[in-house]
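A.B. asks: Got a sequence here, can you model it:
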Amino acid sequence: MIWVDADACPVKAEAERVATRAGVPIAFVSNGGLRPSANPLVTMVYVSEGPDEADKHIAERAGPGDVVITNDIPLAAKCVAAGARVLRPDGSALTERNIGEVLAMRDLMSDLRSADPFRQGGGRPFSKADRAEFLQALERAVQAAKRETHG
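C.D. replies: I've put the predicted structure just below:
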């Protein structure tokens, strides 16, 4: 199963395309506002309004053999701990090896932003290269997850 933290995900169409090609079910989890898909592999999961409801839904269900797509670092950490493969929309993988460092950097940046109210933004815009890297990374992750669950 591919789980997509869908509210602010810029690669929903790409994720659905990879899932369809691989014949893997995919769930888009959001607070609403997403159009349903006619694709039989797609499940739209609408959770109640509120902070982190989509994250909670995914974290409670993701595990070995699953791929999770999210930019939410605490959610990624929970999913990695549960044995799922985690990708960010730019194609970078979050793993047992790097999730601690990524969490620490997130906390540091949060502290810096709160200490300096004039600190704006944080990151570069999402690019075509990010989209292409994501597609390749998701293909690899889905194939690896399929091998993991089907021996």
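
A.B. asks: count of neighbours near H150?
C.D. replies: 7 (other CB atoms under 10 Å). Just so you know, the C-beta spots here come from the backbone N, C-alpha and C atoms, and that holds for glycine as well.

A.B. asks: quick one: contacts for it?
C.D. replies: Taking CB atoms under 8 Å, 6 or more residues apart in numbering, we find H150 in contact with no residue.

A.B. asks: Could you report the separation of it from Q143?
C.D. replies: H150 is 11 Å from Q143, where distance means CB to CB, to the nearest Å.

A.B. asks: again with V45
C.D. replies: Applying CB to CB to V45 and Q143 gives a distance of 24 Å.

A.B. asks: Can you show me the helices along the chain?
C.D. replies: Assigned by DSSP state H, the chain shows helices spanning 12-22, 53-61, 73-81, 99-115, 128-150.

A.B. asks: Give the rounded mean pLDDT of the fourth one.
C.D. replies: When you say that, I think you mean helix 99-115. The average of the pLDDT scores along helix 99-115 is 72.

A.B. asks: Also stretch 130-142?
C.D. replies: Here stretch 130-142 scores 93 as its mean pLDDT.

A.B. asks: and that stretch, how far from the chain's centre?
C.D. replies: Stretch 130-142 has its average C-alpha position 12 Å from the chain's average C-alpha position, going by CA atoms, centre = their mean, to the nearest Å.

A.B. asks: if we can go back for a sec, name the residue in V45 and Q143 with the higher neighbour count.
C.D. replies: V45 (16 against 13).
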